[in-house]
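Colleague: Got a sequence here, can you build the structure:
(one chain, ligands or ions: 1)
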Amino acid sequence: MRRVVCPGSFDPVTNGHLDIIGRTSRLYDEVVVAVLINIEKQSLFTVEERIEMLQAVTREYGNIRVEKFHGLLVDFCKQQGIPAIVKGLRAVSDFDYELQMAQLNYRMSGVETLFMSTNPEYSFLSSSRLKEIARYGGDVSGLVPDLVHKSLVERLRG
Ligand SMILES: Cc1cn(CCC(=O)O)c2ccccc12
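Modeller: Reported below is the predicted structural model:
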């Protein structure tokens, strides 16, 4: 059974994430979407809320399992017995950091990193930029799934 990990904070999941996850789900028997628990980072949604949103918006693919992890991503991959990671690349600016991480991760663990080009429609999109715009009342519909848009507006208005 061919399995791969798709890691991120997903605070919240965007259509850019979903594009990569959906395309990856067509290439593997199972995609484990790994939600990073980062206690140092102030998040808008709790890990549980992020997991619930991811499960809801990926259910249609049929082969997505959402898990949480803390610490090193490669330790998670090893624990799961998964030999590879898929990362979405939005722009050249992503590449330098992601290449270093891929080389480090491989050196530490032998876990491979495969890069997938993001749909140009979402190459400007990140969860942090999205939250910034939404926080000031900007319209972010179309950049996140409807379910996430509703939660985002409620959380920011709340
Ligand atoms: C483009 C892109 C960035 N990330 C990490 C974003 C994050 O850390 O929340 C992804 C995770 C899954 C699929 C695509 C992406």
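Colleague: all helices in this protein, in order from the N-terminus.
Modeller: Assigned by DSSP state H, the helices in the chain fall at 15-25, 47-58, 73-80, 92-109, 127-135, 146-157.
Colleague: out of the ones you listed, deepest packed?
Modeller: helix 15-25 (a mean of 20; mean count of other CB atoms under 10 Å). (C-beta placed from N, C-alpha, C; glycine too.)
Colleague: counting contacts, what elements does that helix pack onto?
Modeller: strand 3-8, strand 30-36, helix 47-58, strand 84-89, strand 112-117 (3 or more CB pairs under 8 Å, 6 or more residues apart in numbering; DSSP states H and E).
Colleague: what sits up against that helix?
Modeller: 4, 6, 8, 10, 31, 33, 57-58, 61-64, 86, 88, 90, 116, 118-119, 121-123, 125-126, 142-145 (CB atoms under 8 Å, 6 or more residues apart in numbering).
Colleague: and it, anywhere near the ligand?
Modeller: Yes - for helix 15-25 and the ligand, the contact criterion (CB under 6 Å from any ligand atom) is met by 16-17, 20-21.
Colleague: Taking these, tell me the two that lie furthest apart.
Modeller: Gly16 and Ile21 (9.8 Å; CB to CB).
Colleague: Now do the contacts for the closest residue to Glu49 other than its chain neighbours.
Modeller: Of all residues not flanking Glu49 in the chain, Ser151 sits nearest, at 7.3 Å (CB to CB, 6 or more residues apart in numbering). By CB under 8 Å, 6+ apart, the contact list for Ser151 reads 12, 45, 49, 53.
Colleague: next one: Ala134
Modeller: Applying CB under 8 Å, 6+ apart to Ala134 gives the contacts 140, 152-153, 156.
Colleague: mind checking how far it is from the ligand?
Modeller: Counting by CB to the nearest ligand atom, to the nearest Å, the gap from Ala134 to the ligand is 15 Å.
Colleague: From Val57, how far out is the closest residue in space to Thr58 that isn't next to it in sequence?
Modeller: Nearest residue to Thr58 in three dimensions, chain neighbours excluded: Ile64, at 4.0 Å (CB to CB, 6+ apart). According to CB to CB, to the nearest Å, Ile64 and Val57 sit 9 Å apart.
Colleague: With that, I have no additional questions.
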